[in-house]
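Visitor: Structure for this input, please:
(chains A and B)
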Protein chains: 2
Amino acid sequence: MSLKLYFDLMSQPSRALYILLKNIKYDFTPMPVDLRKGEHYSEDYAKINRFQKVPVIDHNGFVLTESVAILKYLSREGIIPESLYPRGNKQAARVEEFLEWQHAGLRLHCAMFFRVKVLDPLVTGRPVDNKQVEGYLRRMENALDSFDSLWLGQGHQFITGDNICVADLLAACEVEQPRMAGYDASAKYANIAGWMQRVKSHFNPHYDEGHMIVNKLIEKQRKTAAKL
Amino acid sequence: MSLKLYFDLMSQPSRALYILLKNIKYDFTPMPVDLRKGEHYSEDYAKINRFQKVPVIDHNGFVLTESVAILKYLSREGIIPESLYPRGNKQAARVEEFLEWQHAGLRLHCAMFFRVKVLDPLVTGRPVDNKQVEGYLRRMENALDSFDSLWLGQGHQFITGDNICVADLLAACEVEQPRMAGYDASAKYANIAGWMQRVKSHFNPHYDEGHMIVNKLIEKQRKTAAKL
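Guide: Residues are numbered from 1 along each chain as shown, chains lettered A, B, ... in the order given. Down below sits the predicted model:
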């Protein structure tokens, strides 16, 4: 029995799966794919994943893309424990309600803000388009508002209740992404701030290990800014 | 035992659930929510769904949002038959791989094109911004390209193989949406054209019933255009 994880720690859902597998002490083979070097565009990688994205798993030859589909598959395989992905239909549905909501409700906006503020200017060499960034910042803050009030502001410790689950880890990894674009959601949103600490503390030391590259980049940016 | 479906036939995933329940002859209570009248913004509706969106189900008091989460829940309840949502882990994972991909891979782009070309000008009274529409058209065609080649172009009759499943119905309802903005994907993409016919034929007469309002609107637009 073997599980390979194709991932890059710069990718939010890659980090979530990496941290999760480490946290549950599941023996997997890490298969790093360096997005910054364009390794996902190679012919070899296209043979593994025709969508040329990360994360991907190869479980005894069964190759699967899409982080949320991977979480469900690993849960049904019994690899993700019931404590992190409930098996009862109603409880599972509550977790999945968030897993589906986050695609366009949270992930898209955090990812796009990072992209227009950091990634696109880096790749194209063009200066940051401040007007465009403002638009994406507004949309991201609308998304964070909803996340903070409609999910976290319901009087519970975690997204779907008082137990932590895979939804919390996936969401936390998304909320970390705009930090690399100088935006710390915890500074503005009280519910997010408290929740992030609880998620981090549950999944540590692996949470910090999975965010090592993210945190290094943020540190580097801070030092560069201090010199200016 | 009772199942209520809150829906509007102008909403793509609403149509998918409506057609599905009709197709499997499941006895449900239709609860129409008129989006054009803003009924989803009412206080009463916010009590049912704090996100103020459709579709929503109320299954014996268990209220659930997010169409993909609803599909999974109804499958585990045994309401959606195995023929439309496989129970084996690997086969289910193949269906879910698409259900997750489509959020940002297909749905977002078809919905946004319809929104900037039809909905926003209607709501705001401002003229169509052609430059903006062009950008969204380009993004939608990129998405349709991927859908046509990477999913449908794999040598099978349907999205995940030679059997139709819930993924096909959900996707078809999305691809119908830009038709209301004058864009027929079947006219440009051969795989999509053949597949749409197969999906329609499987789910008819309920497919056409679910698209009655969509088709009426398209007919009205055609007549208006003919008069100009």
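Visitor: Could you use CA atoms for every contact and neighbour count after this?
Guide: Will do.
Visitor: Which residue ranges make up the domains of chain A?
Guide: According to automatic domain parsing, chain A comprises the domains A:3-76, A:89-227.
Visitor: so can I have JSON lines of those showing distance to chain B, mean neighbour count and mean pLDDT?
Guide: Shown next, in JSON lines, are those (distance: least, CA to the nearest CA, whole Å; neighbours: other CA atoms under 10 Å in any protein chain shown; pLDDT from 0 to 100):
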{"stretch": "domain A:3-76", "distance to chain B": "5", "mean neighbour count": "18", "mean pLDDT": "97"}
{"stretch": "domain A:89-227", "distance to chain B": "5", "mean neighbour count": "18", "mean pLDDT": "96"}
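Visitor: residue ranges for the strands of chain A, please.
Guide: A:3-7, A:29-32, A:56-59, A:62-65 (DSSP state E).
Visitor: Pull up the pairing partners for the first one, direction included.
Guide: The strands beside strand A:3-7 in its sheet (DSSP bridges) come out as strand A:29-32 (parallel), strand A:56-59 (antiparallel).
Visitor: what does that strand contact?
Guide: Strand A:3-7 has contacts (CA atoms under 8 Å, 6 or more residues apart in numbering or on different chains) with A:14-15, A:18, A:27-33, A:54-60.
Visitor: Give me the most central residue, chain A.
Guide: A:Gln12 (2.8 Å; CA atoms, centre = their mean).
Visitor: now it: how far from B:Gln157?
Guide: A:Gln12 is 34 Å from B:Gln157, where distance means CA to CA, to the nearest Å.
Visitor: out of the domains of chain A, nearest to B:Leu122?
Guide: domain A:89-227 (21.5 Å; CA to CA).
Visitor: Show me how far the closest one is from its chain's centre.
Guide: 8 Å (CA atoms, centre = their mean, to the nearest Å).
Visitor: and what of stretch A:32-46?
Guide: 19 Å.
Visitor: Kindly report the same for stretch A:14-21.
Guide: 8 Å.
Visitor: CA atoms only: put it into PDB for me.
Guide: C-alpha atoms of stretch A:14-21 as PDB (Å, rounded to 0.1, in the frame of the first residue of the first chain):
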ATOM      1  CA  SER A  14      -1.300  21.300  -1.000                       C
ATOM      2  CA  ARG A  15      -0.300  22.600   2.400                       C
ATOM      3  CA  ALA A  16      -3.600  21.400   3.900                       C
ATOM      4  CA  LEU A  17      -3.100  17.800   2.700                       C
ATOM      5  CA  TYR A  18       0.600  17.800   3.600                       C
ATOM      6  CA  ILE A  19      -0.100  19.000   7.200                       C
ATOM      7  CA  LEU A  20      -3.000  16.600   7.500                       C
ATOM      8  CA  LEU A  21      -1.100  13.500   6.500                       C
END
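Visitor: what sits up against that stretch?
Guide: For stretch A:14-21, the external contacting residues (CA under 8 Å, 6+ apart) are A:5-9, A:27-28, A:54-55, A:67, A:71, A:169-170, A:173, A:203, A:206-207, A:209-211.
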